[in-house]
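# Could you look at this predicted model? Sequence included:
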Amino acid sequence: MKVRDLISLGHDALDVAAAFLGKKRLELYMYLEEEVDDSLIDRLRDGEPSAYIIGYVDFFDTRIRVDPRVLIPRPETEELMTLIKNPSGRVLDLCCGSGAIGISLKKKYPALDVTLADISGAALDVAKQNALDNKVDVHCVQSNFLESIKETFDIIICNPPYVTESEWEEIATKEYEPRLAFVGGLEFYQKLRREAASFLNEKGRLYLEIGASQGPDVLALFDPYSRRLIKDLSGRDRFLLVIY
């Protein structure tokens, strides 16, 4: 299939074409007669996420490889990164998945001591490869939440599984992305409320990504700590900062 035939299929098809041809998307208009492997477009039409077809995403100035072992990092999580100002000391990327958060932080702030933790050994394998690809030195720990974590930290960042079972059924990519990385509701925030204080140093900061409807509930969970609910660029409750 030629590039000109993909224009009507939208941005995802053009992203796949650009990756296949080794071009930037905006450059494709100079290569309208170039052929793109039909099998790649068939996968896209079948519902496979373009990021899995391409094999990577660009996240916070860092290239992160992704495949069905890990959740595809979302733009909202990049917004979370912009909230982390002048980080220092030890950082834990909890429920790290591909490692996008911790690796991109380490790349931007090399002095940080970063630990990536996830219950999934398969996800940690992806995170380790991403660390190697980006030439950063991080610690990787397979842990059921905080069970295998032995150190304390100045910053914990967690984008946990937070969608409900009913929300999961509505996710278009549920046939491809790992359910383990999505479904949890409020469970993980409740665990963090009980356990995070034991893993944070004095004046430590906890950064959370939350579901758009979960703001009031998660905010109330972390009373009486100093905390701030933050909206995403769409105006929805999306992040919580807690200071211990």
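Structure received.
# for the residue nearest the centre of the chain, what are its contacts?
To find the centre residue of the chain, average its C-alpha atoms and take the closest one (C-alpha atoms, centre = their mean): that gives Pro73, at 3.5 Å. Neighbour list for Pro73: Val57, Phe59, Ile64, Val66, Gly97, Ser98, Ala100 [criterion: C-beta atoms under 8 Å, 6 or more residues apart in numbering]. For glycine as for every other residue, the C-beta is placed from the backbone atoms N, C-alpha and C.
# Try it again at 6 Å.
Applying C-beta atoms under 6 Å, 6 or more residues apart in numbering, one finds that Pro73 lies in contact with Val57, Phe59, Ala100.
# could you measure the nearest residue to it once chain neighbours are set aside against Arg65, distance?
Using C-beta to C-beta, 6 or more residues apart in numbering and skipping the chain neighbours, the partner closest in space to Pro73 is Ala100 (4.4 Å). As judged by C-beta to C-beta, to the nearest Å, Ala100 and Arg65 stand 10 Å apart.
# more neighbours, the two?
Ala100 (29 against 18; other C-beta atoms under 10 Å).
# Looking at the protein, which strand is longest?
Of all the segments assigned as strand in the chain under DSSP state E, the longest by residue count is strand 200-209.
# which residues touch the longest helix anywhere in the chain?
Among the elements of type helix in the chain, defined by DSSP state H, the one spanning the most residues is helix 121-133. By C-beta under 6 Å, 6+ apart, the list of residues contacting helix 121-133 from outside reads 64-65, 69-70, 96-99, 103, 116, 118, 138, 140, 142.
# Name the residues of it that are buried.
When burial is assessed from 16 or more other C-beta atoms under 10 Å, helix 121-133 yields the following buried residues: Ala123, Leu124, Val126, Ala127, Asn130, Ala131.
# Report the separation between the third one and Tyr176.
Meaning Val126. According to C-beta to C-beta, Val126 stands 15 Å off from Tyr176.
# same check, this time on the first one
When C-beta to C-beta is the yardstick, Ala123 and Tyr176 sit 15 Å from each other.
# Same check on Glu202?
From Glu202 over to Tyr176 the distance is 43 Å, taken as C-beta to C-beta.
# Pick out whichever of the two has more residues nearby.
Tyr176 (17 against 7).
# what sits against the more buried one?
By C-beta under 6 Å, 6+ apart, the residues touching Tyr176 are Glu48, Pro49, Pro68.
# The same query, at a cut-off of 7 Å, please.
Neighbouring residues of Tyr176 by C-beta atoms under 7 Å, 6 or more residues apart in numbering: Glu48, Pro49, Tyr52, Pro68.
# ditto for Ser39
In this structure, Ser39 makes contact with no residue, judged by C-beta under 7 Å, 6+ apart.
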